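> sequence and predicted structure below; questions after.
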Amino acid sequence: MRPTGVVRHVPWWEVAWLTAVWVLLWGDVSVGNVLTGVLLGVVVTLGLRMAPISFHGHVRPLALARLVGRFALDLVRASFEVAAIALRPGYTPRGAVIGIELRSHSDLYLTLTAELCSLVPGSLVIEAHRLTGTLYVHVLDVAWSGGVEAARRQVLDQEERVLRALASDDELAAAGLLPAGVRR
């Protein structure tokens, strides 16, 4: 007789994904690496359960392409800006931490926006307050970014691209963004 709630279902697709990442990290497809990856995948998926995040939106391919394209452009542009700051003799960047309240309070969109902002050189999300939907972002050089309001606008623009690519029409409306193609 099994006690209820003790035995959990193993999410095999997650285990397979974690195994693939493990093998790629080691760079060697061997029986030992695959078995270790499976074992670690089972331990991680059963032992470190994450709270489920609901997704009520749908993927809009054109908006997703815009999101990815703009992210790639931001990545290249910011890399050159950070390199220019680093190579400028005697220049001391003036960093700042700014708080940006996002329009959506979904954990999923908050996380995606925070990750995309942190991956762009010159900015780093140092805290995400999920109850208020606020991101606290460290900006490497406020002057180079165009000021505090320009840095805040960049984060809100990133959030808008995430929402337009993935959110439902109801989520867009709740965030104050009209769905694409809807005019007032």
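Perfect, I can see it now. Residues are numbered from 1 along each chain as shown.

> helices and strands around the lowest-mean-pLDDT helix or strand in the chain, which ones?
Least confident helix or strand of the chain, by mean pLDDT, DSSP states H and E, is helix 142-145 with a mean of 86. Other elements packing on helix 142-145 under the criterion 3 or more C-beta pairs under 8 Å, 6 or more residues apart in numbering; DSSP states H and E are helix 148-166. To be clear about C-beta, it is placed using only N, CA and C from the backbone, and glycine gets the same treatment.

> who are the packing partners of the helix it packs on?
Right, helix 148-166 is packed against helix 61-87, strand 96-101, helix 107-119, strand 123-129, strand 134-139, helix 142-145, helix 169-174 by 3+ C-beta pairs under 8 Å, 6+ apart.

> put the alpha carbons of the least confident helix or strand of the chain into PDB.
Provided in PDB are the C-alpha atoms of helix 142-145 (Å, rounded to 0.1, in the frame of the first residue of the first chain):
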ATOM      1  CA  VAL A 142      23.600  56.300 -17.000                       C
ATOM      2  CA  ALA A 143      24.900  59.100 -19.200                       C
ATOM      3  CA  TRP A 144      25.900  56.600 -22.000                       C
ATOM      4  CA  SER A 145      22.400  55.100 -21.700                       C
END
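
> work out the gap between it and the centre of the chain.
How far helix 142-145 lies from its chain's middle: 23 Å, per C-alpha atoms, centre = their mean, to the nearest Å.

> I figured residue 118 hits residue 124, correct?
Yes - counting by C-beta atoms under 8 Å, residue 124 is a contact partner of residue 118 at 5.4 Å.

> can you tell which of the helices and strands packed on helix 148-166 is closest to residue 10?
Nearest to residue 10 among those is helix 107-119; the distance by C-beta to C-beta comes to 23.8 Å.

> which strands or helices does the closest one pack on?
So helix 107-119, by 3+ C-beta pairs under 8 Å, 6+ apart, packs with helix 61-87, strand 123-129, strand 134-139, helix 148-166.

> out of these, flag the one nearest residue 14.
Distance to residue 14, taken as C-beta to C-beta, is lowest for helix 148-166 among the helices and strands packed on helix 107-119, at 20.6 Å.

> now do that closest one and helix 107-119, the angle between them.
Using axes from the mean of the first three to the mean of the last three C-alpha atoms, to 10 degrees, the direction of helix 148-166 lies 130 degrees away from that of helix 107-119.

> quick one: average pLDDT of helix 148-166?
Computed over helix 148-166, the mean pLDDT rounds to 95.
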